[in-house]
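Got a predicted model here, sequence first, then my questions.
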Protein chains: 2
Amino acid sequence: MMIRAAIVGYGNLGKGVEEILKLNSDFELKAIFSRRDISRVKINKGVNFLPLSQAEKFSQEIDIMFLCGGSATDLPVQGPELARLFNTVDSFDNHNNIPKYFEKINEVSIKSKTTALISTGWDPGLFSLARVLFESVLPQGISNTFWGNGVSQGHSDALRRIPGVVDARQYTIPEADALKVAREGGGDKLTIRQKHKRVCYVVPEFGADQQAITKAIVTMPDYFEPYDTTVNFISAEDLKENHSALPHGGFVIHSLKLENGSRQTAEFSLKLDSNPLFTAGVMVACGRAVNRMAKKGVFGALTIFDLTVGDLANFDAGSLRKNYL
Amino acid sequence: MMIRAAIVGYGNLGKGVEEILKLNSDFELKAIFSRRDISRVKINKGVNFLPLSQAEKFSQEIDIMFLCGGSATDLPVQGPELARLFNTVDSFDNHNNIPKYFEKINEVSIKSKTTALISTGWDPGLFSLARVLFESVLPQGISNTFWGNGVSQGHSDALRRIPGVVDARQYTIPEADALKVAREGGGDKLTIRQKHKRVCYVVPEFGADQQAITKAIVTMPDYFEPYDTTVNFISAEDLKENHSALPHGGFVIHSLKLENGSRQTAEFSLKLDSNPLFTAGVMVACGRAVNRMAKKGVFGALTIFDLTVGDLANFDAGSLRKNYL
């Protein structure tokens, strides 16, 4: 039997889930829900596109809801609301608020006998998995996470809030020297500045004071001040032409030096032309696992730490043992 | 409460597990069992070293038995025998025989209400996990596994069986060009010869025909014939001095090109000064998970696909969510 999926939110991530579901033979897309004016959205043929307010009517026809809204304002509301009616998967990525978000969703989904996987994707998500896995098999080692090369949405947003900036894109770039140091086990000595640099492409308003904008950027606490930051002013056309993709990636590097002097290093890395399409891929695989857990009666909030890799896979246990061990 | 562990077999792997248990604060080592003449084994102070024949007496005092024997002759006998009495973890790595071995262990452990994790380590083990994880989140992608740089025990053994060879060590070396091709998504076109080369260090008998040995090596089907193989003749002293470590490692690279042309690549790699110590690290983390599953009443044979990463970790779920997501 096919897993009946629906998507909530039709931005980059929602479109990504729609795309990835086509690669997974065990899923069928039943509906896409959105708060937008439906008559204005360009949708793919044959897709059931509905206002979010109608979702409740479909609670018996959908096995998994992929929540593709943002972490700032969408998910804190939609997560608990939809977990009351559906099994859900989301990519809530506000790291500091994860424990509180988990508790809230857990309360709702335990009461409603649903299964809700929160905070999946790649970070939080597969990178979290790698950090725990590496610390478990190489205990007391030194762990480092590097991000990039890629577009940081949060940092791009911060640039856009500066007076005189029309639009902007920020690339996070891990330093090759720092990667080398981490791979050789010296990651504990790396400073924030040594690990990453930040490169900004900024479209200024006509006549804006570029020196003032540059100063506002490189002195911005937390976001840019702790890093070596380069600011490039470009035209709106150049930004659209050369900086509209959303590549990303990164590295989790974990190294343990044993008493006898021997060094063991594990590394997990991603190189993604499309950040949202990869997050979508992880969400769909997790949706498969959540569906299995719901059918087994495992209710409540879950994270990627609670799933087996076997449950992520579109293969039965016997095939996995035969073909993948 | 501490997890009470025991080790069966005191070769490189058994000694590795003894070492790694010290890094894990939730384990205590209760005993090491061996078939060797105990009076002749150099053991660490305070360790309870016992003949394997006495293991049965300890069935109530040990939570996890780490089976550290070889896959050729030890585990096929010891695995089923010990799974009758103990929860076990082993690194059975004869890939073709895994399904049959699984069935045999599963039958015994279901009947005895024990939990037995088979075939863990890094390959089979973490590399298997990476292959399934990557195929699940990037379905229909192209997967490649590379091994090395490292010593292949199987290939070293094959060299030692050639007439005129006193001792030998074989290094498997992944080709840098092939790694590059796989990372760019062209891994499906790589031939066996393009992916790895083999470098042999051979100690010949006095007066042996080195040309004949070289020919026997490079023409050996499956082991060496499909590869570019280099043979170096060295002295026994040189072998001992420069080739007694057991480094290894490798790469699992998975790449998916989507219809819109965008490319997503995931990579997991290991660089290990000590192959057996890393296998030991994975076994111990898996032992923690097996102990938890046994306490929950999950009996039978398992593989790494059946474990959650949360269960491998020496942290509770709340700490994992707070500190690692």
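Looks like it came in fine. Residues are numbered from 1 along each chain as shown, chains lettered A, B, ... in the order given.

Checking the spatially closest residue to A:Val47 that is not a sequence neighbour next. Helix, strand or coil?
Nearest residue to A:Val47 in three dimensions, chain neighbours excluded: A:Ile32, at 5.9 Å (C-beta to C-beta, 6 or more residues apart in numbering or on different chains). (C-beta placed from N, C-alpha, C; glycine too.) For A:Ile32, the assignment made with DSSP: H, G, I helix; E, B strand; the rest coil gives strand.

So for A:Ile32, what pLDDT did the model give?
On the pLDDT scale, A:Ile32 is placed at 96.

Which strand residues bridge it?
Using DSSP bridges, the beta-bridge partners of A:Ile32 come out as A:Ile7, A:Phe49.

these two touch, right, it and A:Ala5?
No - counting by C-beta atoms under 8 Å, A:Ile32 stays clear of A:Ala5, with 9.9 Å between them.

what's the next secondary structure element after the helix or strand encompassing A:Asn291?
Here A:Asn291 is covered by helix A:275-295, with elements defined by DSSP states H and E. Under the assignment DSSP H and E, the closest C-terminal helix or strand after helix A:275-295 is strand A:300-302.

Can you tell me which residues in the stretch 1-150 of chain A are near chain B?
A:19-20, A:23-24, A:95, A:98-99, A:102, A:119, A:124, A:126, A:128-129, A:131-133, A:135-140 (C-beta under 8 Å from any C-beta of the partner chain).

quick one: A:Ala31 and A:Lys57, what's the gap?
A:Ala31 sits 10 Å away from A:Lys57, going by C-beta to C-beta, to the nearest Å.

So for the two, which sits in the more crowded spot?
A:Ala31 (19 against 10; other C-beta atoms under 10 Å in any protein chain shown).

Show the contacting residues for that one.
Listed by C-beta atoms under 8 Å, 6 or more residues apart in numbering or on different chains, the contact set of A:Ala31 reads A:6-7, A:47-50, A:58, A:62.

same check, this time on A:Arg263
A:184-185, A:255-257, B:271, B:273.

what about 10 Å?
Residues in contact with A:Arg263, defined by C-beta atoms under 10 Å, 6 or more residues apart in numbering or on different chains, are A:141, A:183-185, A:255-257, B:247, B:271-274.

overlap in contacts of A:Ile32 and A:Ala5?
A:17-18, A:66.

on that earlier part again, let me have the contacts of A:Arg263 in JSON lines, extended by secondary structure.
Listed next are the contacts of A:Arg263 as JSON lines, based on three-state DSSP:
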{"residue": "A:Gly141", "secondary structure": "coil"}
{"residue": "A:Arg183", "secondary structure": "helix"}
{"residue": "A:Glu184", "secondary structure": "coil"}
{"residue": "A:Gly185", "secondary structure": "coil"}
{"residue": "A:Ser255", "secondary structure": "strand"}
{"residue": "A:Leu256", "secondary structure": "strand"}
{"residue": "A:Lys257", "secondary structure": "strand"}
{"residue": "B:Pro247", "secondary structure": "coil"}
{"residue": "B:Lys271", "secondary structure": "strand"}
{"residue": "B:Leu272", "secondary structure": "strand"}
{"residue": "B:Asp273", "secondary structure": "coil"}
{"residue": "B:Ser274", "secondary structure": "coil"}
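
Just name the closest of those to A:Val89, please.
Using C-beta to C-beta, A:Gly141 comes nearest to A:Val89 of the contacts of A:Arg263, at 30.7 Å.

how close does that closest one get to B:Lys295?
Using C-beta to C-beta, A:Gly141 is found at 27 Å from B:Lys295.

Neighbour count for the two, which is higher?
Comparing A:Gly141 with B:Lys295 by other C-beta under 10 Å, the one with more neighbours is A:Gly141, at 23 against 11.

How about the contacts made by the more buried one?
So A:Gly141 contacts A:134-135, A:185, A:187-188, A:253-258, A:263-266, B:23, B:281 (C-beta under 10 Å, 6+ apart).

which among these end up buried?
Buried members of the contacts of A:Gly141, counted by 16 or more other C-beta atoms under 10 Å in any protein chain shown: A:134-135, A:185, A:187, A:253-258, A:263-266, B:23, B:281.

Flag the least confident of the residues you listed.
In terms of pLDDT, the lowest of these is A:Leu258, showing 87.

my guess is that one contacts B:Pro276, does it?
No - the criterion here is C-beta atoms under 10 Å, and A:Leu258 misses it with B:Pro276 at 11.6 Å.

Next, show the common contact partners of the two.
Counting by C-beta under 10 Å, 6+ apart, the residues touching both A:Leu258 and B:Pro276 are B:16, B:19.

can you pull out the strands in chain A?
A:3-8, A:27-34, A:49-51, A:64-67, A:88-90, A:115-117, A:142-147, A:150-151, A:165-174, A:196-204, A:228-233, A:248-257, A:263-272, A:300-302 (DSSP state E).

quick one: which of those has the weakest pLDDT on average?
Of all the strands of chain A, mean pLDDT reaches its minimum on strand A:49-51 (a mean of 93).

could you say what helices and strands that one packs with?
strand A:27-34 (3 or more C-beta pairs under 10 Å, 6 or more residues apart in numbering or on different chains; DSSP states H and E).

to the chain's geometric centre, what's the distance from the strand it packs on?
Centroid separation for strand A:27-34 versus its chain: 20 Å, with C-alpha atoms, centre = their mean, to the nearest Å.

do the same with stretch A:59-74
Remark: stretch A:59-74 is offset 15 Å from the chain centroid, using C-alpha atoms, centre = their mean.

just checking, A:Phe92 touches A:Thr73?
No - using C-beta under 10 Å, A:Phe92 is not in contact with A:Thr73; the gap is 11.7 Å.

and the two? which has more neighbours close in?
A:Phe92 (24 against 9).

could you measure the more buried one against A:Leu67, distance?
Distance from A:Phe92 to A:Leu67, by C-beta to C-beta: 8 Å.

With A:Leu21 instead?
Distance from A:Leu21 to A:Leu67, by C-beta to C-beta: 15 Å.

just to revisit the earlier point, show me what contacts the residue nearest to A:Val47?
A:5-10, A:14-15, A:17-18, A:38, A:41, A:43-44, A:47-50, A:52, A:66, A:68.

In chain A, which residue sits furthest out from the middle?
A:Asn260 (39.1 Å; C-alpha atoms, centre = their mean).

on that earlier part again, format the contacts of A:Arg263 as JSON lines; extra columns: distance to A:Pro80.
Conversion of these to JSON lines gives the following (distance: C-beta to C-beta, whole Å):
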{"residue": "A:Gly141", "distance to A:Pro80": "37"}
{"residue": "A:Arg183", "distance to A:Pro80": "42"}
{"residue": "A:Glu184", "distance to A:Pro80": "46"}
{"residue": "A:Gly185", "distance to A:Pro80": "43"}
{"residue": "A:Ser255", "distance to A:Pro80": "40"}
{"residue": "A:Leu256", "distance to A:Pro80": "40"}
{"residue": "A:Lys257", "distance to A:Pro80": "45"}
{"residue": "B:Pro247", "distance to A:Pro80": "51"}
{"residue": "B:Lys271", "distance to A:Pro80": "44"}
{"residue": "B:Leu272", "distance to A:Pro80": "45"}
{"residue": "B:Asp273", "distance to A:Pro80": "49"}
{"residue": "B:Ser274", "distance to A:Pro80": "48"}
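
Span of stretch A:195-210 from start to end?
Distance across stretch A:195-210, first residue to last, is 27 Å (C-alpha to C-alpha, to the nearest Å).

Now it: buried residues?
A:195-204, A:208.

Specify which member of those is nearest to A:Cys286.
Closest to A:Cys286, out of all of these and judged by C-beta to C-beta, is A:His196, at 27.9 Å.

So that closest one is in contact with A:Phe146, correct?
Yes - using C-beta under 10 Å, A:His196 makes contact with A:Phe146 at a distance of 6.8 Å.

hey, what's in contact with both of the two?
Contacts common to A:His196 and A:Phe146, judged by C-beta under 10 Å, 6+ apart, are A:172-175, A:178, A:190, A:250.

From the residues you listed, list the buried ones, please.
A:172-175, A:178, A:190, A:250.

Including distance to chain B, could the residues you listed go into a markdown table?
Supplementary listing: these in a markdown table, determined by distance: C-beta to the nearest C-beta, whole Å:
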| residue | distance to chain B |
| --- | --- |
| A:Thr172 | 18 |
| A:Ile173 | 18 |
| A:Pro174 | 15 |
| A:Glu175 | 19 |
| A:Ala178 | 17 |
| A:Leu190 | 18 |
| A:Gly250 | 11 |
